[in-house]
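In: below are the sequence and a predicted model for it; my questions follow.
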Amino acid sequence: MLANEYIAIEEKYGANNYHPLDVVIEKGDGVWVHDVEGKKYLDCLAAYSAVNQGHCHPRIINVLKEQADKITLTSRAFRNSQLPFLYKELSELTGYEMFLPMNSGAEAVETAIKAARKWGYKVKGIPENKAEIITCTNNFGGRTITIISFSTEEQYKNGFGPLTPGFKIVEYGNAKALEEAITENTAAFIVEPIQGEGGVIVPRDGYLKETYEICSKNNVLFIADEIQSGLGRSGKLFAYQYEDITPDAVIIGKALSGGCYPVSAVLARKEVLGVFNPGDHGSTFGGNPLGAAVAREALKVLVEEKLIENSSELGNYFRSKLKDVNSNHVKEIRGKGLFIGVELNDEAGGARRFCEALMQKGILCKETHDNVIRFAPPLVIKKEEIDWAMERIGEVLNME
Ligand SMILES: *Cc1c(COP(=O)(O)O)cnc(C)c1O
């Protein structure tokens, strides 16, 4: 069957909430994916950093199959033999004390918001229903009604009101704006250490440390949304580690399962997640043994295969090669590790046409924010593969 036939069926029946590139992928292996017509592409999106370990990593797939043969779901009404070890291994890896597992990233962000509000009432002593949470311009935290309520992207909110109150938005990168927005009712500040969907925006050095200290001083929780920037993407386990801080809570998802299963979690100090009592919060699939087994292996792969180090080294290499291209379409090249954004000039005609041209040459990228091309390949990528990609990227960035 030809790609167009798949696309016609999808267009006929599917809700129209995405605008994908017209490549129909059938299988994948490491950094490579294959379409239904047998064409091979280098994946430079890695499912928005959910497949940091590479497509269908053999170790993770093996655990997925083995665990599927044993048991997949118990619900949290009963205990299972995988979840305790996911907690323990997460603690050893990250230093955090307490964990709450969910499935999608948005659910974990919702969980962090609930924890922060409850902490605000139970621990900080904020009067009932007065808790405020501060977020940043250009943020992305997922698509639930509460999360879009603090988005600054009009389209995300348009037609979905009434929205959830209790959020304040301050300029990303501006520590003073945070300080001024804090009141005695502020429970938390939620921030992406590097904004992914926002266009791979890296805040200036010192911003995270300053905002962290402002939060500490005012008894406000500092919550890092590392769903995209975390788990090696930025060249460190967590992007917040570029500055000497320890967030009160960290939200992870995406690569936590190596893209094999939806697994997310909130990591926090005991004082924060300790506010939950039985019945306060939950999820049928959250913490299930299949997801927990997959996540355990995905974390081991990340560490044992030195993917974080590879991200750091090859990220520097990739960016330096991009800088050598010297295209007049390019306004800025930025990022950390293999989390790279190429912002185009306004006259370039938008990033989409460049992504389509890259696809023709066998490289899959997706535009973000109209004029940014994000390069975020699986962290298993090799230097030769970057060289192969750069020959093609150079041609595309220099097209008319
Ligand atoms: C992707 C993402 C989310 C949402 O995750 P979903 O699994 O799509 O719900 C939240 N925060 C950040 C920073 C993300 O990149």
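Out: Here it is on my side, so go on. From a predicted model like this one, the values you see are computed outputs, not experimental measurements.
In: need the residues of the protein near the ligand, please.
Out: Applying CB under 6 Å from any ligand atom, one finds that the chain approaches the ligand through 48, 104-106, 109, 140-142, 192, 196-197, 225, 227-228, 253. No exception for glycine: its C-beta is placed from N, CA and C like everyone else's.
In: what's the most distant pair in these?
Out: Within these, Ser104 and Glu192 form the most distant pair, 16.4 Å apart (CB to CB).
In: who has more neighbours, these two?
Out: With neighbours defined as other CB atoms under 10 Å, Ser104 and Glu192 compare such that Glu192 has more, 27 against 20.
In: which parts of the stretch 101-250 of the chain are helices?
Out: 105-119, 145-148, 154-157, 175-181, 207-217 (DSSP state H, counting those that start in this stretch).
In: most packed of these?
Out: Highest mean neighbour count of the helices of the stretch 101-250 of the chain: helix 105-119, a mean of 24 (counted as mean count of other CB atoms under 10 Å).
In: pull the number of nearby residues for Gly14.
Out: 9.
In: so which strand or helix has Lys321?
Out: Using DSSP states H and E, Lys321 falls within helix 307-325.
In: show me how the chain divides into domains.
Out: For the chain, automatic domain parsing gives the domain ranges 3-57+306-397, 58-304.
In: run the chain-centre distance for the first one.
Out: What that stands for is domain 3-57+306-397. Relative to the centre of its chain, domain 3-57+306-397 is centred 16 Å away, using CA atoms, centre = their mean, to the nearest Å.
In: got it, and stretch 171-184?
Out: In terms of CA atoms, centre = their mean, the centre of stretch 171-184 is set 24 Å apart from its chain centre.
In: quick check: the residue of the protein nearest the ligand.
Out: The ligand sits closest to Gly105 of the chain, with a gap of 2.1 Å, by CB to the nearest ligand atom.
In: that residue contacts Val263, doesn't it?
Out: No - between Gly105 and Val263 there is no contact under CB atoms under 8 Å: 9.9 Å.
In: adjacent strands (with direction) for the lowest-mean-pLDDT helix or strand in the chain?
Out: None of the helices or strands of the chain scores lower by mean pLDDT, DSSP states H and E than strand 366-368, at a mean of 90. Paired strands of strand 366-368, with direction, are strand 372-375 (antiparallel) (DSSP bridges).
In: give me the residues contacting the partner strand.
Out: Contact partners of strand 372-375, identified using CB atoms under 8 Å, 6 or more residues apart in numbering, comprise 44-45, 196, 199-200, 318, 322, 335, 338, 340-344, 351, 354-355, 358, 365-368, 393.
In: C-alpha coordinates for that strand, CSV please?
Out: This file holds the C-alpha atoms of strand 372-375, laid out as CSV (Å, rounded to 0.1, in the frame of the first residue of the first chain):
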residue,chain,number,x,y,z
VAL,A,372,12.5,27.3,14.6
ILE,A,373,13.8,23.9,13.4
ARG,A,374,14.4,21.6,16.4
PHE,A,375,17.2,19.0,16.1
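In: check the average confidence over that strand, would you?
Out: Summarised as a single mean, pLDDT over strand 372-375 is 97.
In: which residues are in contact with the residue nearest in space to the middle of the chain?
Out: By CA atoms, centre = their mean, the chain has its centre lying nearest to Gln228, at 1.7 Å. Residues in contact with Gln228 (CB under 8 Å, 6+ apart) are Tyr48, Ser49, Phe140, Glu192, Ile194, Gly196, Glu197, Lys254, Phe339.
In: what average pLDDT does the helix or strand encompassing the first one get?
Out: If you go by DSSP H and E, Tyr48 is part of helix 46-49. Average pLDDT, helix 46-49: 98.
In: also stretch 260-275?
Out: 98.
In: convert the C-alpha atoms of that stretch to PDB, please.
Out: What follows is stretch 260-275, C-alpha atoms only, in PDB (Å, rounded to 0.1, in the frame of the first residue of the first chain):
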ATOM      1  CA  CYS A 260       7.900   2.200  24.700                       C
ATOM      2  CA  TYR A 261       5.100   3.000  26.900                       C
ATOM      3  CA  PRO A 262       3.600   6.100  28.600                       C
ATOM      4  CA  VAL A 263       5.200   6.500  32.000                       C
ATOM      5  CA  SER A 264       5.600   9.800  33.900                       C
ATOM      6  CA  ALA A 265       6.400  10.700  37.400                       C
ATOM      7  CA  VAL A 266       6.800  13.500  40.000                       C
ATOM      8  CA  LEU A 267      10.000  13.300  42.000                       C
ATOM      9  CA  ALA A 268      10.100  15.400  45.200                       C
ATOM     10  CA  ARG A 269      11.100  16.000  48.700                       C
ATOM     11  CA  LYS A 270       9.100  14.100  51.300                       C
ATOM     12  CA  GLU A 271       7.500  17.300  52.500                       C
ATOM     13  CA  VAL A 272       5.900  17.900  49.100                       C
ATOM     14  CA  LEU A 273       4.600  14.500  48.000                       C
ATOM     15  CA  GLY A 274       4.000  13.600  51.600                       C
ATOM     16  CA  VAL A 275       0.900  15.700  51.500                       C
END
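In: now it, how far from the centre of its chain.
Out: Remark: stretch 260-275 is offset 15 Å from the chain centroid, using CA atoms, centre = their mean.
In: report the buried residues of that stretch.
Out: Neighbour-count burial for stretch 260-275 flags 260-269, 272-275 (criterion: 16 or more other CB atoms under 10 Å).
In: in helices, which of those fall?
Out: Among those, the members falling in helices (DSSP state H) are Val272, Leu273.
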